[in-house]
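Visitor: Task: produce atomic coordinates for the following.
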Amino acid sequence: MLKLPPTIAIVQALLVNVGGEKYAISITNVVETEYIAGADIKTIGGREAIVIRESILPLYRLHDLFAVPADGGNGKYTAVIVEKAEQKVALLVDSIESQHEIFVK
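Guide: Model prediction:
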């Protein structure tokens, strides 16, 4: 019999690859995914952003946030658009791997 602690939860997550590592993003926060070209990335007010359906979204490169090497991108990128408290942002990842249920303690 498998016993789990009472503080554990099972959540749906989108697994993404960033610099050869895998990261999970809660599906409840994912709005959509977009493939973008390097030319689509703009600098607005000193910060990177992209325009999706006439909305300007701040862009965060997960390579920089997690201090992992970038793969080069070949001028094409995958952006995961997430939303929290009605604020949308774009997270730049190398690729999307799959959707899984994961355990969170």
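
Visitor: quick one: contacts for the spatially closest residue to Leu15 that is not a sequence neighbour?
Guide: Leaving aside its sequence neighbours, Leu15 sits nearest to Glu97 (CB to CB, 6 or more residues apart in numbering; 4.3 Å). Just so you know, the C-beta spots here come from the backbone N, C-alpha and C atoms, and that holds for glycine as well. Shown in contact with Glu97 (CB atoms under 8 Å, 6 or more residues apart in numbering): 15-17, 22.

Visitor: just checking, Ser98 touches Leu15?
Guide: Yes: assessed by CB atoms under 8 Å, Ser98 is found in contact with Leu15 at 5.3 Å.

Visitor: Tell me if Leu65 really is in a helix.
Guide: Yes: assessed by DSSP: H, G, I helix; E, B strand; the rest coil, Leu65 belongs to a helix.

Visitor: Give the burial count for it, as a bare number.
Guide: When counting by other CB atoms under 10 Å, one arrives at 12 neighbours for Leu65.

Visitor: Pick out whichever of the contacts of Glu97 sits closest to Arg53.
Guide: Arg53 lies nearest to Val16 out of the contacts of Glu97, by CB to CB, at 21.7 Å.
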